[in-house]
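1. need a structure here:
(one chain, ligands or ions: 1)
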Amino acid sequence: MKKLIVLATLALSPVFSAQEMVDKPVQSYQTAQYQARKKAFVDNLLSKMTLDEKIGQMNLPTSGDFTTGMAQSSDIGKKVEQGLVGGLFNIKGADKIKAVQKVAVEKSRLKIPMIFGMDVIHGYETTFPIPLGLAASWDMNLVQQSARVAAREAAFDGINWTFSPMVDISREPRWGRVSEGSGEDPYLGSEISKNMVYGYQGKDLANGTNILACVKHFALYGAGESGRDYNTVDMSHVRMFNEYFPPYKAAVDAGVASVMASFNEVDGVPATGNRWLQTEVLRNQWKFKGFVVTDYTGINEMVDHGMGDLQQVSALALKAGVDMDMVGEGFLTTLKKSLSEGKVTQAEIDMAARRILEAKYDLGLFDNPYKHGDAKLAAKEVYNLENRNIARSVAAQSMVLLKNENQVLPLKKSGTVAVIGPLVNNSMNMAGTWSVATKHSASVNLMQGLQANYGKDVKFLSAKGANIDYDAKLEEIYAAHGKKTDRDSRSKEELLKEAVDVANKADVIVLAIGESAEMSGESSSRSEITIPQSQVDLLNELKKTGKPIAMILFTGRPLALTNVKDMPDAILNAWFPGSEAGNAIADVIFGKVNPSGKLPMTFPRSLGQVPIYYNAKNTGRPLDQKLTDKCEYQRFRSNYMDECNTPLYAFGYGLSYTRFNYSDISISNANPKGNQTVQASVTVTNSGNYDGAEVVQLYIRDMVGSITRPVKELKGFQKIFLKKGESKKVTFDITPESLKFYNGDLKYDWESGEFDIMIGTSSDEVKHSKINWTK
Ligand code: NOJ
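-> Residues are numbered from 1 along each chain as shown. Predicted structure coming up:
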């Protein structure tokens, strides 16, 4: 069945051409004859390969010393010529890539083409919001569309494999890599995972504009103790299967071509060497057919994990089911010896090489090794206006309005606006983390966006107001990968005075504060999740001017905003919006786009509440709901003496410039039996003054189970658009599929009994209805 991507057509937001939406794995378009041809081709090729050449296919270096003209002379170039490299990553530019491919297909003995990978995480040169922001759009058409644009741009530039989607569920805002994933929820995470894979891989991997996806990091990387990157994970299997595994499995079901092993351990064995994970679960249970790649030096790191020397851990990885070794050359340097000593088998090596060759076959590289990468086309297709317009629309859809009092937003298109904050004029930080191919200096910063769109009618004044952090050394760490924060050498007092002077000349203050881009991302864990004090002090000073304040929050993680939330009239969470940041923020704050993003991850009141997530268990001593709502303490109940149980902003929360009213739920059948379908409906009415979009959310609670069940779980959502005054009936089809979970024996099934059906605007604001479902 064909579906069309119909992009959200919010009031006055740009409208884009409809594009075909993919809703099936690429493999389902491949015929049995194709599979047979592929097998015969790879069988034949393998029969001609030496042991070294097979192990060579399993080797994935980073481009390192590779620059134009050095394709052959560099160390890697020599290895390519000897057939000792299967793919290369971190190399950018169609011509550069072509030069390397030329060595592989003209100089190596068997002329096997290489694959070229890159971390194309949230766009290529045209950069979309960070993945956590993209998730906040709850718009699967846009999610798929963003991956499609990324794939096309990357492919025109020679890349045919991306290390995305990153789908690690996390309840840990201290962990910097929450910015790279879809947040805390397995259902939302699975929908995004699937649509990213469809977007990258399309229907036909060999068409030259689709690329291999790589779901990562398998598995449980988001559950590291204390939010410290790369830290130990320990988790029950029931939790793994019900709460952390679903998005990886969704990618596999969507036909993802590759899987990346995670750095962390699972059940005491690093994921890279964990046979239960990489073979028993991934291949035997989930039927994954692609290849597994390690993360960067993942094999070598097993030495530090305490699993043996390089030869031992390389053999361990191969036997676990890993096919390709990223960077560490453990396979390249030890597998031959291990084979001669009987520590690995020829069949294991053949199988790994086969899987990589099959992926190359699927990309059509044996027909045309140069099909990805065309410098002329790239110049036209990469970072063009059409793609940037899509990025602008997606960025606006990802923003979450956390607060809006006195209707300070949308701003009037007249008067004087003071635009204040450390990142107001900073293009380098707009993309956020993981932006290998981004054209940073061209990213539209906040001031540029405001001036370009409203500069004729509105007078904008700007001031820095504060540095990102008082601590210069810390700020240097926060400005990693060349994303300079332009630290101001003036004193704190001078910066504040200039900001207050500017504010006093304005009718309203737009205050952009929060994190710089690399305060989240890999190796960017924080032990505090507040806005740095320098910026809180700035907010305090500006509050004293009595001017209305609209705060724009830049962040790559949920922050504890308790100490700042009362000061501004409005808070718009912009995450890191990408290439079109300034334009998209301008669209939202001046009302061209009505915000409709919803949080994909809970914002705690304080770090002490972490981990805090909406789909928690009830416990045997839950705090009474009324006391929970009032934030009152009760002895011998599960609560804190000095903190509420509720978060500051719940999962699924996000305001609009308009208001949506929900009717009660109507249920088609309150006593269903067996495999029936139940319709649960609400009527949603836009009763405010603006047209707008709303994400209607369905949650279910299984009241009694053979194991304890969460107090609610997201089981469906629909993003709808309502003109002001308009009402729409929204219906969810509920089947026993929505009731299934992995029980104590890890059997995936549902159990008869009572279910609480909840529909609402966020996880903490829902209507209820009951059904009793029997088998
Ligand atoms: C390490 C990161 O963990 C992973 O996400 C990334 O894809 C690789 N490096 C390659 O850059």
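
2. is it fair to say Lys715 lies in a strand?
-> Yes. Under DSSP: H, G, I helix; E, B strand; the rest coil, Lys715 falls within a strand.

3. Could you report the separation of it from Thr735?
-> 10 Å (C-beta to C-beta, to the nearest Å). No exception for glycine: its C-beta is placed from N, CA and C like everyone else's.

4. More neighbours: these two, which one.
-> Using other C-beta atoms under 10 Å, the more surrounded residue of Lys715 and Thr735 is Lys715, with 19 against 13.

5. Quick check, the more buried one in contact with Pro186.
-> No. Under the criterion of C-beta atoms under 8 Å, Lys715 is not in contact with Pro186, lying 10.5 Å apart.

6. near the ligand, which residues of the stretch 401-550 of the chain?
-> Glu522 (C-beta under 6 Å from any ligand atom).

7. Please apply the same query to the chain.
-> Selection of the chain residues close to the ligand by C-beta under 6 Å from any ligand atom yields 119, 163, 216, 295-296, 522.

8. Swap in 5 Å and give it another go.
-> Within the chain, the positions adjacent to the ligand are 119, 163, 295-296 by C-beta under 5 Å from any ligand atom.

9. would CSV of the residues you listed with pLDDT be doable?
-> Shown next, in CSV, are those (pLDDT from 0 to 100):
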residue, pLDDT
Asp119, 97
Phe163, 98
Asp295, 98
Tyr296, 97
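
10. Go through the residues you listed and give me the one with the most neighbours.
-> Neighbour max across the residues of the chain next to the ligand (other C-beta under 10 Å) = Phe163, 25 neighbours.

11. need the contact list for it.
-> 89, 117-121, 214, 216, 260 (C-beta atoms under 8 Å, 6 or more residues apart in numbering).

12. and the gap between Arg392 and the ligand?
-> Applying C-beta to the nearest ligand atom, to the nearest Å, the value for Arg392 to the ligand is 27 Å.

13. That residue reaches Asp587, doesn't it?
-> Yes. Under the criterion of C-beta under 8 Å, Arg392 makes contact with Asp587 at 7.1 Å.

14. count of neighbours near whichever residue of the stretch 301-450 of the chain sits closest to the ligand?
-> Going by C-beta to the nearest ligand atom, the ligand is nearest to Met326 of the stretch 301-450 of the chain, at 6.6 Å. Met326 has 24 neighbouring residues, counting by other C-beta under 10 Å.

15. now do Asp457
-> So Asp457, with other C-beta under 10 Å, has 11 neighbours.

16. same thing with Asp566?
-> Using other C-beta under 10 Å: Asp566 sits among 10 other residues.

17. pLDDT value on it, please?
-> We have a pLDDT of 98 for Asp566.

18. next one: Leu561
-> Reported pLDDT for Leu561: 98.

19. Just to check, it is in contact with Pro647?
-> No. The pair formed by Leu561 and Pro647 falls short of the contact definition of C-beta under 8 Å, at 10.7 Å.

20. quick one on the thing from earlier: from the residues of the chain next to the ligand, which two are the most distant?
-> Based on C-beta to C-beta, the longest span within these runs between Asp119 and Asp295 and measures 11.2 Å.

21. about what we covered before: so can I have CSV of the contacts of Phe163 showing secondary structure?
-> Listed next are the contacts of Phe163 as CSV, based on three-state DSSP:
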residue, secondary structure
Phe89, strand
Gly117, strand
Met118, strand
Asp119, coil
Val120, coil
Ile121, coil
Cys214, strand
Lys216, strand
Met260, strand
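
22. List just the nearest of those residues to the ligand.
-> Checking those against the ligand by C-beta to the nearest ligand atom gives Asp119 as the nearest, at 4.8 Å.

23. which residues touch stretch 384-395?
-> 7-8, 13-14, 16, 123, 126-129, 133-134, 137, 142, 145-146, 149, 153, 574, 577-581, 583-584, 587, 593.

24. With that, I have no additional questions.
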